[in-house]
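**Q** sharing a model that was predicted from the sequence below.
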Amino acid sequence: MARLDGKVAIITGGGNGMGRVASTLFGAEGARVMVADFSGAGGRETVEMVEAAGGEAAFVQVDVADDGQVAAMVRATMERFGALHVLYNNAGIFPADDGGVTETPEATWERVMDVNLKGVWLGCKHGIPAMLDSGGGSIVNVASFVALMGAATAQIAYTASKGGVLSMTREIAVEYARRNIRANSLCPGPIATPMLEELMSDPVRKQRRLVHIPMGRLGQAEELAKAALFLASDDSSFMTGTQLVVDGGITAAYVTPE
């Protein structure tokens with residue numbers, strides 16, 4: 001039996017990178033997937049990939065920082081699939097000018113908070129009532145290993161936003177634990193995605209990150225998607241309010257091996 005048989009999942013940021021890989025995997029595991037993304041072209045392409053792999057999917061265009069659009073995303077899911085059991089808040093941004101606390105522009109700080117933190121809150125705000133109507137389910141919020149420790153390269157807005165995701169997820173988990181909704185955070189280390197590849201186009205910044213990964217490599221989107229699948233499925237049925245760290249050993253290391 002597939003691990004998400006009979007489940008309906010929303011995956012934000014599903015139009016590329018980790019969200020696309022997760023959409024395909026969740027579909028292969030039996031979920032009906034609502035691919036949600038700001039990019040219409042990317043989202044529709046993901047739907048085609050899910051369907052080509054034998055899954056069922058639909059697309060909704062959304063800016064996760066917009067309350068009305070997130071509400072419409074959830075309505076579209078309920079209208080199309082009739083339920084919501086898995087909410088995977090994956091969408092996030094990491095602007096190149098997100099740097100030190102004294103250098104990061106205010107506009108950059110505000111946009112990162114809008115997408116990475118407010119976007120997760122809005123997903124939960126509108127998704128939880130639908131999940132309650134569907135009998136409960138699992139929320140998976142993407143935080144980061146930098147929510148647990150300082151980043152090697154300054155990225156103040158991103159780090160602060162992911163710390164907020166971690167704290168918010170714990171509170172949601174406690175509030176809804178007895179109403180059959182679980183909420184957990186996924187804390188990836190550096191994953192080989194288009195967003196990170198652009199960031200690491202600077203060889204100095206790339207080396208600053210790689211040297212801190214004990215496994216000596218970036219993670220793969222497939223590795224993170226499998227961790228998200230675990231949290232989304234009943235395999236993690238006694239887990240809520242915690243974080244699953246998938247970081248190649250970064251947060252365990254005191255001295256990085258040569």
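**A** Cool, got the structure. Numbers count the residues shown, from 1 in each chain.
**Q** pLDDT score for the residue nearest the centre of the chain?
**A** The centroid of the chain falls nearest to residue 90 when counting by Cα atoms, centre = their mean (2.2 Å). For residue 90, the model assigns a pLDDT of 98.
**Q** is it correct that it is in contact with residue 20?
**A** No. Counting by Cβ atoms under 8 Å, residue 90 does not reach residue 20; the two are 9.8 Å apart. C-beta: built from backbone N, CA, C; applies to glycine.
**Q** identify the contacts common to those two.
**A** Common contacts of residue 90 and residue 20, defined by Cβ atoms under 8 Å, 6 or more residues apart in numbering, comprise residue 14.
**Q** tell me which stretches of this protein form helices.
**A** 17-28, 40-52, 67-81, 106-112, 119-133, 156-176, 194-199, 203-210, 221-232 (DSSP state H).
**Q** between the ones you listed, which has the poorest mean confidence score?
**A** Taking the mean pLDDT of the helices of the chain, helix 194-199 comes last: a mean of 66.
**Q** residues touching stretch 116-123, excluding its own?
**A** 10, 12, 64-67, 70, 87, 89, 91-93, 141-142, 158, 161-162, 164-165, 168-169.
**Q** just the buried ones out of these, please.
**A** Buried members of these, scored by 16 or more other Cβ atoms under 10 Å, are 10, 12, 64-66, 70, 87, 89, 91-93, 141-142, 158, 161-162, 164-165, 168-169.
**Q** doesn't residue 242 make contact with residue 174?
**A** No. Using Cβ under 8 Å, residue 174 is not in contact with residue 242, being 11.4 Å away.
**Q** more crowded one of the two?
**A** residue 242 (16 against 12; other Cβ atoms under 10 Å).
**Q** contacting residues for the more buried one?
**A** Counted by Cβ under 8 Å, 6+ apart, residue 242 has contacts 173, 184, 185.
**Q** how about these in JSON lines, adding neighbour count?
**A** Converted to JSON lines, the contacts of residue 242 look like this (neighbours: other Cβ atoms under 10 Å):
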{"residue": "173", "neighbour count": "20"}
{"residue": "184", "neighbour count": "25"}
{"residue": "185", "neighbour count": "28"}
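**Q** nearest to residue 26 among the residues you listed?
**A** residue 184 (15.7 Å; Cβ to Cβ).
**Q** which ones are touching the residue nearest to that closest one when sequence neighbours are not counted?
**A** Residue nearest to residue 184 in three dimensions, not counting chain neighbours: residue 231, with 5.0 Å by Cβ to Cβ, 6 or more residues apart in numbering. If you count contacts by Cβ under 8 Å, 6+ apart, residue 231 has them with 138, 140, 184, 186, 239, 244.
**Q** do I have it right that the last one meets residue 169?
**A** This points to residue 244. No. Residue 244 lies out of contact with residue 169 (Cβ under 8 Å); the separation is 11.1 Å.
**Q** what is in contact with the two at once?
**A** What both residue 244 and residue 169 touch, as defined by Cβ under 8 Å, 6+ apart, is the set 184, 185.
**Q** how near is residue 124 to residue 167?
**A** Note on residue 124: its distance to residue 167, by Cβ to Cβ, to the nearest Å, is 13 Å.
**Q** more neighbours, those two?
**A** More neighbours surround residue 124 than the other of residue 124 and residue 167, with 22 against 13 (other Cβ under 10 Å).
**Q** wait, that one touches residue 87, no?
**A** Yes. Contact criterion Cβ under 8 Å: residue 124 and residue 87 qualify, at 7.0 Å.
**Q** thanks again, I'm all set now.
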